[in-house]
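Asks: give me a 3D structure for the following:
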Amino acid sequence: MEITGEVKEIIYKNELNSYCIAEFETEEGEITIVGYLPFINVGDTIKAIGNIVEHPEYGEQFKIDTFEKMLPQSLDALERYLSNGTIKGVGPATAKKIIETFGEETIQVFKLEPERLSQIKGITKEKAYEIAESFIENWEIWQIVGFLDKFGIGPQSAETIYKKLGVNAMEEIQSNPYLLVDLVNKVNFSQIDKMALEIGMDDTNEKRIRSGIKHALILTTYNGHCSVLYENLIQFVKKILNIDEESIENVLINMKVKEEVIIVDIDEKEWVYLMPYYKAEKTVAEKLITLKQYKNIKHIDRFKKELEKVEKKSNIELSDMQKEAVKAINENNVCVITGGPGTGKTTIIKTIIELYKQNEMKPVLCAPTGRAAKRMTETTGNEAKTLHRLLEIGSIISDDTQNINMDYSVAPIDADIIIVDEMSMVDIFLMNYLCKAIYNGTKLVLVGDIDQLPSVGPGNVLKDIIESNQIITITLNKIFRQAAQSKIIVNSHRVNDGNQFISKEEIEEEQENYLDDFFYINEGNKIKILDQVISLSGERLKKYGDYDFLKNIQVITPTKKGELGTKELNKQLQETVNPANEMKQERKFGETIFREGDRIMQIKNNYEMYWEKHGVSFETGSGVFNGEFGTIENINEKEKQMQIRFDDDKLAWYQFNELEQIEHAYAITVHKSQGSEFDVVIMPISQTAPMLLTRNLLYTGMTRAKKLLIIIGNKNILDFMIRNADNKKRNTGLAYQLQNIK
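Replies: Below you'll find the model as predicted:
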């Protein structure tokens with residue numbers, strides 16, 4: 001529905017994204033409006049389009065989808081608008097004088113006869129023109145939200161576009177609507193294209209074809225690709241633009257000349273890259289080969305004796321393969337250590353740290369996520385940082401990968417040896433920034449498991465480096481005796497090799513003393529699977545091993561949707577683990593009820609979020625990152641904020657309108673669990689999209705469990721997952737680049 005009225009009071013405004021809560025006066029009376037309202041101030045008259053919603057606490061509200069700023073409808077409203085500080089040089093007293101002097105002519109004076117403003121005492125002719133200019137500039141801003149709505153661009157992006165294009169934004173977009181593809185992430189290309197054709201853009205206009213090509217290339221990157229086959233690109237663009245191939249090929253040539261794209265011959269096939277993706281792969285390849293070929297200035301002499309000292313001091317005995325890995329690191333500037341769970345990767349990392357410290361050299365530890373860095377810190381006893389923190393790259397790494405700045409200056413890393421864990425999660429952009437920060441001569445050790453899920457972002461960095469055969473790689477494939485007694489680890493390796501879980505008969509035949517740390521419940525009925533998950537999350541596991549859900553247990557599922565997806569599981573688990581209680585404050589946000597005591601996860605990178613740590617020493621900082629887990633400690637209705645304690649003891653305060661940054665974490669997806677470990681993992685498996693029923697997804701979920709793993713699901717579906725090793729191949733060129741560095 002549509003309502004028109006005046007903004008009487010702004011109750012809350014988020015300066016970062018312009019989300020507002022305001023009192024709005026219409027002819028029918030006052031109502032609270034909520035939504036993204038850039039450029040809006042008290043006194044503004046707007047036509048708002050949206051829906052009436054019923055807030056459980058604050059009653060009826062009007063939720064705005066889009067709006068159009070209008071000229072004030074009365075002289076009183078115009079005076080209030082002029083008084084609100086929007087017009088440079090006009091305050092309440094001056095606004096009153098302007099209205100009294102010009103009345104109904106006021107707007108005409110501003111727009112057509114600005115010199116008349118100098119009739120008012122205190123306004124010079126020069127100042128009159130400045131005031132009029134400010135009024136007209138604001139008039140342009142008024143129209144931009146409604147204008148962009150026609151192109152499928154919401155109010156939240158309008159401010160970004162205005163900041164980039166300035167006061168002539170509408171004019172520029174009118175002449176080339178395809179600018180929006182460059183300015184806004186994940187736009188509705190077909191709607192922009194439709195509008196462009198309606199306002200007279202020719203269907204073979206170069207701007208249109210260029211934009212269609214760029215849109216097609218960006219779409220492929222959302223699936224992890226860095227490039228696309230030339231022929232496939234031509235056919236896709238031909239389909240979405242409905243034009244001939246020759247026109248597309250001509251524009252591609254121009255884009256190549258302007259270095260917007262690059263076309264590369266790999267294995268007698270032509271691949272098309274957006275330039276940032278190609279540059280990232282090239283930078284990474286060149287740096288790795290430069291590091292590899294540089295003089296080995298961090299070499300440890302008398303290596304054998306030094307290693308024996310570390311083994312004695314740490315009371316560990318390395319296997320021959322582990323010794324070979326440590327030796328390879330000493331003899332090479334770049335080295336990859338890969339292997340599954342229980343193969344000794346952590347022991348190697350700890351040994352390297354001690355070895356280099358013993359020789360008065362500085363090791364630096366890092367991982368791609370906060371959770372992975374925390375785990376690395378816990379397992380090694382040495383501080384590990386996220387790559388973002390280490391490189392001080394802040395918010396430049398975002399979802400907006402089509403406009404990423406490849407030439408961004410990163411903080412050089414002061415280290416003799418850099419160890420990166422969970423390398424399978426590192427995408428090509430993050431690897432690019434890491435490579436830029438490493439001094440020649442510094443050793444680089446990349447540790448990871450290539451059989452886990454690849455990075456969310458584009459590229460397949462670890463796999464490509466290994467497959468290039470250009471960087472020394474130690475593959476750990478022996479499960480250590482202690483780990484070999486764990487059915488979690490044995491079954492994880494079996495799944496990874498394409499075999500079913502170990503059977504009772506095989507265990508009896510082997511006469512192995514396996515730990516009771518793995519259970520499989522064969523159940524096909526989704527309601528019964530859910531009942532099992534709820535039962536295990538309640539008292540059942542507490543009795544079995546004194547496991548407490550909020551401290552030890554994590555439910556991991558392949559999907560977000562359906563009865564066994566995270567959305568539904570979180571509702572059910574919240575009622576089991578943290579039910580409503582009159583002593584616990586609650587806050588509803590959309591369809592979600594957040595309650596004191598809830599387990600949550602941060603789902604966006606927020607580089608500005610202030611936090612405190614109250615421990616041995618008081619510490620403050622900023623930044624809470626995607627994938628961090630926490631617990632809601634306090635909900636304060638008076639202050640309209642929520643206090644969350646994260647697992648690393650950071651305390652952060654979230655305003656109620658910032659709650660889109662968090663979600664319940666009683667159940668999380670396998671993708672979100674990557675880089676984490678939990679004492680107990682409960683994994684429900686049921687029929688869902690085939691793309692989620694893969695071997696590496698099952699393997700990744702299983703390897704999150706440390707002490708106990710329970711899988712509940714239909715045997716046929718699990719068998720399908722184990723057989724389904726056909727992971728979607730990512731179109732990347734890093735291996736080729738590494739092999740062809742001149």
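Asks: all helices of the stretch 551-700 of the chain, in order?
Replies: Using DSSP state H, counting those that start in this stretch, the helices found in the stretch 551-700 of the chain span residues 566-577, 670-673, 695-702.
Asks: helices or strands up against the shortest one?
Replies: For helix 670-673, the contact count by 3 or more Cβ pairs under 8 Å, 6 or more residues apart in numbering; DSSP states H and E identifies strand 553-557, helix 695-702 as packing neighbours. (Glycine included, C-beta is placed from N, CA and C.)
Asks: rebuild those as JSON lines, extending it with mean neighbour count and mean pLDDT.
Replies: As requested, these are exported to JSON lines (neighbours: other Cβ atoms under 10 Å; pLDDT from 0 to 100):
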{"stretch": "strand 553-557", "mean neighbour count": "25", "mean pLDDT": "96"}
{"stretch": "helix 695-702", "mean neighbour count": "24", "mean pLDDT": "94"}
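Asks: what is the neighbour count of Ile199?
Replies: Per other Cβ atoms under 10 Å, the neighbour tally for Ile199 reads 11.
Asks: quick one: contacts for it?
Replies: 174, 177 (Cβ atoms under 8 Å, 6 or more residues apart in numbering).
Asks: pLDDT score for it?
Replies: In this model, Ile199 is scored at 83, pLDDT.
Asks: the one 5 residues further on too?
Replies: Thr204 is assigned a predicted lDDT (pLDDT) of 93.
Asks: regarding it, what is its secondary structure?
Replies: coil (DSSP: H, G, I helix; E, B strand; the rest coil).
Asks: how near is it to Asn254?
Replies: Per Cβ to Cβ, to the nearest Å, Thr204 is found 13 Å from Asn254.
Asks: just to revisit the earlier point, which among the helices of the stretch 551-700 of the chain is found nearest to Gln485?
Replies: The closest of those to Gln485 is helix 695-702. By Cβ to Cβ, the value is 16.4 Å.
Asks: for the closest one, name the packing helices and strands.
Replies: Using 3+ Cβ pairs under 8 Å, 6+ apart, helix 695-702 sits against helix 487-496, helix 670-673, strand 678-685, helix 715-723.
Asks: so for the second one, mean pLDDT?
Replies: Confidence over helix 670-673 (mean pLDDT, whole number) is 92.
Asks: now that helix, how far from the chain's geometric center?
Replies: 12 Å (Cα atoms, centre = their mean, to the nearest Å).
Asks: stretch 622-631 now?
Replies: What separates the centre of stretch 622-631 from the centre of its chain is 12 Å, taken as Cα atoms, centre = their mean.
Asks: could you do stretch 147-155 as well?
Replies: When distances are taken as Cα atoms, centre = their mean, stretch 147-155 is centred 24 Å away from the chain's centroid.
Asks: how about it as CSV, C-alpha atoms only?
Replies: Extracted C-alpha coordinates of stretch 147-155, given in CSV (Å, rounded to 0.1, in the frame of the first residue of the first chain):
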residue,chain,number,x,y,z
PHE,A,147,14.0,6.8,-9.8
LEU,A,148,16.2,3.8,-8.9
ASP,A,149,13.2,1.8,-7.7
LYS,A,150,12.2,1.5,-11.4
PHE,A,151,15.5,-0.3,-12.0
GLY,A,152,15.0,-2.8,-9.2
ILE,A,153,17.5,-0.9,-6.9
GLY,A,154,16.3,-0.5,-3.3
PRO,A,155,16.7,2.5,-1.0
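Asks: for it, which outside residues touch it?
Replies: With contact meaning Cβ under 8 Å, 6+ apart, stretch 147-155 is reached by 18, 35-38, 64-67, 145, 157-158, 161, 170, 173, 177, 180, 184, 187-188, 191-192, 195.
Asks: now, which of the residues you listed lie within helices?
Replies: Those of those mapping onto helices are 145, 157-158, 161, 170, 173, 180, 191-192, 195, per DSSP state H.
Asks: quick check, nearest of these to Leu550?
Replies: For the ones in helices among the contacts of stretch 147-155, the nearest to Leu550 is Ser157 (38.3 Å; Cβ to Cβ).
Asks: need the contact list for the residue nearest to that closest one when sequence neighbours are not counted.
Replies: In space, and not counting its chain neighbours, Ser157 is closest to Val184: 4.8 Å by Cβ to Cβ, 6 or more residues apart in numbering. Under the criterion of Cβ under 8 Å, 6+ apart, the contact list for Val184 reads 153, 157, 160-161.
Asks: which one in this protein is furthest away from the centre?
Replies: Gln119 (56.2 Å; Cα atoms, centre = their mean).
Asks: look at the residue lying closest to it once chain neighbours are set aside and say how many residues are nearby.
Replies: Distances taken as Cβ to Cβ, 6+ apart place Thr101 nearest to Gln119, at 6.4 Å, with adjacent residues excluded. By the criterion of other Cβ under 10 Å, Thr101 has 14 neighbours.
Asks: list the helices and strands the host helix or strand of Thr101 packs on?
Replies: Using DSSP states H and E, Thr101 maps to helix 92-102. Counting by 3+ Cβ pairs under 8 Å, 6+ apart, the packing neighbours recorded for helix 92-102 are helix 75-83, helix 106-112.
Asks: in the shortest one, what counts as buried?
Replies: In terms of neighbour count (16 or more other Cβ atoms under 10 Å), helix 106-112 has its buried residues at 106, 109-110.
Asks: CA-only coordinates of the helix holding Thr101 in PDB, if you can.
Replies: The C-alpha trace of helix 92-102 is given here as PDB (Å, rounded to 0.1, in the frame of the first residue of the first chain):
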ATOM      1  CA  PRO A  92      14.800  28.000  12.000                       C
ATOM      2  CA  ALA A  93      14.900  31.800  12.200                       C
ATOM      3  CA  THR A  94      15.900  32.300   8.600                       C
ATOM      4  CA  ALA A  95      13.300  29.700   7.400                       C
ATOM      5  CA  LYS A  96      10.600  31.600   9.200                       C
ATOM      6  CA  LYS A  97      11.600  34.900   7.500                       C
ATOM      7  CA  ILE A  98      11.800  33.200   4.000                       C
ATOM      8  CA  ILE A  99       8.200  31.800   4.400                       C
ATOM      9  CA  GLU A 100       6.900  35.100   5.800                       C
ATOM     10  CA  THR A 101       8.500  37.000   2.900                       C
ATOM     11  CA  PHE A 102       7.700  34.800  -0.100                       C
END
